[in-house]
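**Student:** the following comprises the amino acid sequence and a computationally predicted model.
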Amino acid sequence: MDHDDATFEIEHGHDDYAVGELLEQAQSNAQAAIIATVAFLRDREIPLDDWTRAIGCRFAEGWDEPRPWDAGEFMDAMLTNLRSLGAEIVTVELAPERAEAVTTGFPDPDLCALFGVEPALAARFNDATGTIARDRGLEWGWRLEGDRTRHVVSRLA
């Protein structure tokens, strides 16, 4: 069918979506790109450590000149990034020396299942933040706890 044909009709067109719906779509697309990349790397037996280190270095280039950061301000920045992927903040404690947060929603277990990737593998995306943290005098860590992720950042001694 020719798209110029007067009988061609789209039930819900691209410009019918509200900003909130587009945000949700963008978050799903971002997570899908990460999870699909993890599947690609796994299938080709490319170590995830190589990938997370490489993207961490690239991401670090996008930040302003390295300077010492407080743990709390760094965690706040990371939570903004995680929220942009669709993560939801469950708890957060921001302090200058140590900050901790618990999130849910990244990685999305349904998207992981769709791509055949264990959530623990997709969550390795969090490793990329370590490079950025070190450049700012901080140590970054995270661990999965069921469907939640605990993130911790503290000043290096």
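**Tutor:** Thanks, I have it. Numbering: from 1, shown residues only.

**Student:** I'd assumed Thr37 was in contact with Leu121.
**Tutor:** No - applying C-beta atoms under 8 Å as the test, Leu121 and Thr37 come out as separate, 10.6 Å apart. C-beta coordinates here come from the backbone N, C-alpha and C atoms, glycine included.

**Student:** between those two, what contacts are shared?
**Tutor:** Counting by C-beta atoms under 8 Å, 6 or more residues apart in numbering, Leu121 and Thr37 have no common neighbour.

**Student:** buried residues in the helix or strand harbouring Leu144?
**Tutor:** Assigned by DSSP states H and E, Leu144 falls within strand 138-145. By neighbour count on 16 or more other C-beta atoms under 10 Å, the buried set for strand 138-145 is Leu138, Trp140, Trp142.

**Student:** likewise for stretch 68-87?
**Tutor:** Neighbour count says stretch 68-87 has 69-72, 74-79, 82, 85-87 buried, by 16+ other C-beta under 10 Å.

**Student:** repeat for stretch 57-69
**Tutor:** So stretch 57-69, judged by 16+ other C-beta under 10 Å, has buried residues Ala60, Trp69.

**Student:** measure it end to end?
**Tutor:** Its first and final residues considered, stretch 57-69 spans 17 Å by C-alpha to C-alpha, to the nearest Å.
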